[in-house]
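Chemist: below: sequence and its predicted model.
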Amino acid sequence: MTPRFRHFAAIDWSGAIGERQRGIAVALCGEGHEAPRLVRPAHVWSRADVLAWLRDDLPADTLVGMDLGISLPFADMGAYFPGWDQTPADARALWAMVDSIAAADAHLSVTSFVDHDDVARHFRRHGARQGDLYPKGRGRMRMTERAQEAMGCKPTSNFNLVGAAQVGKSSLTGMRVLHRLNARIPVWPIDPLPRTGAVICEIYTTIAAIAAGRSAARSKIRTGAELDTALAALDSRPYGHTGPIDDHTSDALITAAWLRRAAHDRALWHPSTMTEKIAATEGWTFGAQ
């Protein structure tokens, strides 16, 4: 595939309560083999800060990976919220609904959305508040999460808001950001891949770690030495950090380097089980095959 992007960014995201989140990290690298770097390394990001950076400061022709689910399961039951006459028809309509219902929630949070009477029935929430329409077991999965499972990953349902591994709150807060970008940056595969300009895609940092020689069970990197070993496996120069490093930072750095290499693999832009309907309703995780 002819080189399409000149910069590669990875955003480790957080759906936690509060304005500023130490769980958010933004890494960026250019073409070639230079080590990725942190954007604003001393800064404690808010979700609004990330939105402003994407809108106003993103370098040209950047592939941006966001570590969150860009939609909810749809294909398994033919709807996000089966039985509700207001269930959205596609991902962009879902983003608009999340942002509208949660409009009064500070810091791009989503409490009002998951507390909505018709919506809450589908989610597993804290305090043993499991909606009556949340299925037994691990919950509903998107087609891309089934593809992740086939790769050895252990994704969780975006309808699950409980536990250390849950990504539901991150995904829903991320949907508010995507909606507020107002289509300024295309979001693949909900939008077609344009020939020029920036693009946002969904990432799962475990996929990048596997490509860097880690296993799914050992995907988290917490030392500078391990980070440099992983970067070397991705054809990147070392980051050069000594001692412990938090996994939000290492996830972002590794995934930025992985995106630089993976973006040129044509097959990753054309997953074999992704149909036009799935792309429009559920989206896809870049790198899931």
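Modeler: Alright, I've got the coordinates.
Chemist: only C-alpha atoms from now on, for both contacts and neighbour counts.
Modeler: OK.
Chemist: so who does residue 23 touch?
Modeler: Residue 23 makes contact with 12-14, 248, according to CA atoms under 8 Å, 6 or more residues apart in numbering.
Chemist: now, which of these lie within strands?
Modeler: Mapping the contacts of residue 23 onto strands (DSSP state E) picks out residue 12.
Chemist: now, the most widely separated pair of the contacts of residue 23?
Modeler: Largest separation among those by CA to CA: 14 and 248, giving 9.7 Å.
Chemist: under the pLDDT cut-off, which ranges of this structure? List them.
Modeler: Residue ranges of the chain with pLDDT under 70: 1-2.
Chemist: show me the helices in it, by range?
Modeler: Taking DSSP state H, the helices of the chain run over residues 47-52, 91-101, 111-115, 117-120, 143-150, 168-180, 205-211, 224-233, 247-262, 276-281.
Chemist: okay, these in CSV with mean neighbour count next?
Modeler: Output for these, formatted as CSV (neighbours: other CA atoms under 10 Å):
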stretch, mean neighbour count
helix 47-52, 17
helix 91-101, 20
helix 111-115, 18
helix 117-120, 16
helix 143-150, 19
helix 168-180, 24
helix 205-211, 23
helix 224-233, 21
helix 247-262, 26
helix 276-281, 19
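Chemist: so residue 181 touches residue 52, yeah?
Modeler: No: judged on CA atoms under 8 Å, residue 181 makes no contact with residue 52 at a distance of 9.0 Å.
Chemist: give me the residues contacting stretch 42-62.
Modeler: Applying CA under 8 Å, 6+ apart, the contact partners of stretch 42-62 are 4-9, 19-22, 24-25, 107-108, 177, 180-181, 184, 196-199.
Chemist: mind redoing it with 6 Å?
Modeler: With contact meaning CA atoms under 6 Å, 6 or more residues apart in numbering, stretch 42-62 is reached by 5-8, 19-22, 197-198.
Chemist: if we can go back for a sec, out of the helices of the chain, the one nearest residue 159 is which?
Modeler: Nearest to residue 159, of these and by CA to CA, is helix 168-180 at 5.7 Å.
Chemist: elements contacting the closest one?
Modeler: If you count contacts as 3 or more CA pairs under 6 Å, 6 or more residues apart in numbering; DSSP states H and E, helix 168-180 packs onto helix 91-101.
Chemist: quick check: angle from the helix it packs on to helix 168-180?
Modeler: Taking axes from the mean of the first three to the mean of the last three CA atoms, to 10 degrees, one finds helix 91-101 and helix 168-180 inclined to each other by 100 degrees.
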